[in-house]
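Engineer: Any chance you could fold what I've pasted below:
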Amino acid sequence: GPAQVDEVTETDHPVRSTELALKNIKRVMALLPNAVQGDKDNVRLQRLYAKTVELWHDHMGHVLSVVGGYRLHYRPLDGSGDPYDPIPWEEQMEALDFLLENAMDAPSWLTEPMFHVKTNYSRHADKVMGHQQFLVMDLIGALRLKRIEHMETRWGEKGLLEAYLIRVQNGLFKELKGHMGQVDP
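Structural biologist: A predicted model of the protein is given here:
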């Protein structure tokens with residue numbers, strides 16, 4: 001669950017904290033060109049951009065931990081109660097919707113910053129796309145699907161896994177269903 005992710009936050013609500021983090025990352029992206037002004041080449045700018053994209057990915061991973069996630073309750077061995085408690089389904093779906101909106105449809109200020117004209121030979125968001133691929137594979141990974149399947153059994157609610165997969169599919173391929181014309185990278 002969120003408490004077990006390698007991320008320091010002062011909240012147990014990863015979606016809200018990541019919303020704030022995205023605002024800060026956007027500010028950082030705007031500051032990058034000025035931070036390297038006067039450099040002979042773009043190596044440091046490219047490195048700072050790559051690190052910023054990694055930070056974005058870490059925050060998305062923090063949100064992803066909610067989907068199919070459990071909260072861990074530390075108890076003594078002789079203590080009563082289950083040490084693992086599934087995160088409520090509504091919170092999981094809020095996190096999934098956030099990921100589909102902010103990770104799979106990454107903002108242009110991250111994928112195509114103004115300084116890419118000077119640093120990239122390609123207009124594709126290669127660094128972001130690579131991280132998106134990891135996130136998609138994690139969204140449909142066997143361990144996550146198995147945890148959701150376990151929640152179905154535990155809560156006695158059939159159809160959670162199917163609803164989850166349909167929501168992922170609809171989110172990933174919304175351009176195809178909505179006849180939106182051009183599909184962004």
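Engineer: now for the helix or strand hosting residue 130, which elements pack on it?
Structural biologist: Residue 130 belongs to helix 126-139 when assigned by DSSP states H and E. When contacts are defined as 3 or more C-beta pairs under 8 Å, 6 or more residues apart in numbering; DSSP states H and E, helix 126-139 sits against helix 43-64, helix 89-102. In short, each C-beta sits where N, CA and C put it, glycine included.
Engineer: Can you classify residue 85 by secondary structure?
Structural biologist: Under DSSP: H, G, I helix; E, B strand; the rest coil, residue 85 falls in the strand class.
Engineer: Where does the prediction get shaky in this structure?
Structural biologist: 1-11, 117-125, 178-185 (pLDDT under 70).
Engineer: ok, back up a step: what does the helix holding residue 130 contact?
Structural biologist: 49-50, 53-54, 56-57, 60-61, 64, 67, 96, 99, 103-104, 106, 110-111, 144, 168, 172, 185 (C-beta atoms under 8 Å, 6 or more residues apart in numbering).
Engineer: Give me the buried entries from the residues you listed.
Structural biologist: 49, 53, 56-57, 60-61, 64, 67, 96, 99, 103-104, 106, 110-111, 144, 168, 172 (16 or more other C-beta atoms under 10 Å).
Engineer: most centrally placed residue in the chain?
Structural biologist: What sits nearest the mean C-alpha location of the chain, by C-alpha atoms, centre = their mean, is residue 60, with 2.4 Å.
Engineer: Once you drop chain neighbours, what's closest to that residue?
Structural biologist: Nearest-residue entry for residue 60: residue 103, 4.4 Å, with adjacent residues in sequence omitted and distances by C-beta to C-beta, 6 or more residues apart in numbering.
Engineer: What distance do you get for residue 77 to residue 84?
Structural biologist: 15 Å (C-beta to C-beta, to the nearest Å).
Engineer: Including distance to residue 20, could the helices and strands packed on helix 126-139 go into CSV?
Structural biologist: CSV is the format used below for the helices and strands packed on helix 126-139 (distance: least, C-beta to C-beta, whole Å):
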stretch, distance to residue 20
helix 43-64, 10
helix 89-102, 12
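Engineer: before we move on, which element is residue 16 in?
Structural biologist: helix 14-35.
Engineer: Determine the set of other helices and strands touching that helix.
Structural biologist: helix 43-64, helix 89-102, helix 108-111.
Engineer: now for the second one, which elements pack on it?
Structural biologist: Helix 89-102 makes packing contacts with helix 14-35, helix 43-64, helix 126-139, helix 160-172 when contacts are defined by 3+ C-beta pairs under 8 Å, 6+ apart.
Engineer: rerun that using 7 Å as the cut-off
Structural biologist: Packing contacts for helix 89-102, counted by 3 or more C-beta pairs under 7 Å, 6 or more residues apart in numbering; DSSP states H and E, involve helix 14-35, helix 43-64, helix 160-172.
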